[in-house]
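3D, please:
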Amino acid sequence: MIITEISKAELIQHLASLPDDGREVFLLHDGQVRLTAIAATTLINQMRANHDLGLLETYVLGQAYLSAGILASTVKERDRVQLNIECGGPIAGVYTEAWANGAVRGYLKHNPIPLEKPLESLDLNELYGPGFLTITRILEGRKQPFSGQVMMQYGDLAKDLAFYFSQSEQTPTLIILSIHFDQQGNVDGSGAIFIQAMPGCDEETLAQLEDLSATLPSLGSSLASGESVKHFVEAHYAPFGVQYLERQEVTFS
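This next block holds a predicted model:
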């Protein structure tokens, strides 16, 4: 595949000043909670350059890239995860795939996304419309993939993913997807957080994590300022006893 390079000089300089993209995995509260966080500002800009995306399209596909990137933390070695959306609104479909090694790829069914009126906000509910979210894990050595599907409830990918895990895998989950644009419409910071309860986690801990996460500063804005995603997690989730496990690079494929 021929990779299209990012062409804006100021954006290239900004990206070079940031910590490298990567996926970081932690345990919280004596191992009762697993937290995965990714910094993916360069990834999202490479996605935008290679798919020639406008601002809206960057936001929609970027959220799916972030989601696939964090979901890949649930598989190992050469295994991969697919996240697909089929919907009745103007977006129509979003398809992404990520490997355990951090490679992510994907595309939009419609680029550009057709709009009947000028975009007034980045609330995507009407643009998704009714639809289905499907997660598929393709595991090396297994003849059949493992798939689960839910009807989208919110038109908000972070909330719909959390709903998927609660319904299909009976796992309480919290997801944050953050893409920050500068005044020129460039993505200057992008990342995600994926929090899941482990067996035996009590409901009070989950409620406290949800309350804390709702008050966090913007992850994308923090990454744009040069903060590392590891520092962001260790600083804000310190009350839960952060235990660092591992890091994996995240790359455009």
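
give the contact list for L66.
Residues counted as contacts of L66 (Cβ atoms under 8 Å, 6 or more residues apart in numbering) are I38, A40, I44, L177, S178, I179, S190, G191, A192. All C-beta atoms are positioned from the backbone trio N, CA, C, and that covers glycine.

could you dump these to a markdown table with distance to V25?
As requested, the contacts of L66 are arranged in a markdown table below (distance: Cβ to Cβ, whole Å):
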| residue | distance to V25 |
| --- | --- |
| I38 | 10 |
| A40 | 15 |
| I44 | 20 |
| L177 | 17 |
| S178 | 18 |
| I179 | 22 |
| S190 | 19 |
| G191 | 14 |
| A192 | 13 |
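
And those, which is closest to V229?
Set against V229, the nearest of the contacts of L66 by Cβ to Cβ is G191 (5.3 Å).

could you say which helix or strand contains that closest one?
Element membership for G191 (DSSP states H and E) is strand 187-197.

so what does that strand touch, helix or strand wise?
If contacts are counted by 3 or more Cβ pairs under 8 Å, 6 or more residues apart in numbering; DSSP states H and E, strand 187-197 sits against strand 33-39, helix 41-51, helix 55-71, strand 173-181, helix 203-214, helix 219-224, helix 229-236.

Any idea which of these gets closest to T134?
The nearest among the helices and strands packed on strand 187-197, by Cβ to Cβ, is helix 55-71 at 11.9 Å.

Report the strands that pair with the helix or strand following that closest one, each with its relative direction.
Per DSSP H and E, helix 55-71 leads on to strand 80-87 as the next helix or strand towards the C-terminus. Using DSSP bridges, strand 80-87 pairs in its sheet with strand 93-99 (antiparallel), strand 131-138 (antiparallel).

Now mean pLDDT, distance to E120 and mean neighbour count too, for these, in a markdown table please.
Shown next, in a markdown table, are the strands paired with strand 80-87 (pLDDT from 0 to 100; distance: least, Cβ to Cβ, whole Å; neighbours: other Cβ atoms under 10 Å):
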| stretch | mean pLDDT | distance to E120 | mean neighbour count |
| --- | --- | --- | --- |
| strand 93-99 | 98 | 21 | 22 |
| strand 131-138 | 98 | 21 | 18 |
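
so which of the contacts of L66 is the most crowded?
When neighbours are taken as other Cβ atoms under 10 Å, the top entry among these is G191 (34 neighbours).

That residue is in contact with A224, isn't it?
No - under the criterion of Cβ atoms under 8 Å, G191 is not in contact with A224, lying 9.7 Å apart.

that older thread, the contacts of L66: which two are farthest apart?
Across the contacts of L66 (Cβ to Cβ), the longest gap, 12.1 Å, separates I38 and I179.

backbone phi and psi for the residue nearest to G31 when sequence neighbours are not counted, please?
Leaving aside its chain neighbours, G31 sits nearest to M198 (6.4 Å; criterion: Cβ to Cβ, 6 or more residues apart in numbering). With angles defined as degrees, to the nearest 10, M198 sits at phi -90, psi 160.

tell me the secondary structure for the residue nearest to L55 when sequence neighbours are not counted?
The spatially closest residue to L55, leaving aside those adjacent along the chain, is G185, at 5.1 Å (Cβ to Cβ, 6+ apart). What DSSP: H, G, I helix; E, B strand; the rest coil gives for G185 is coil.
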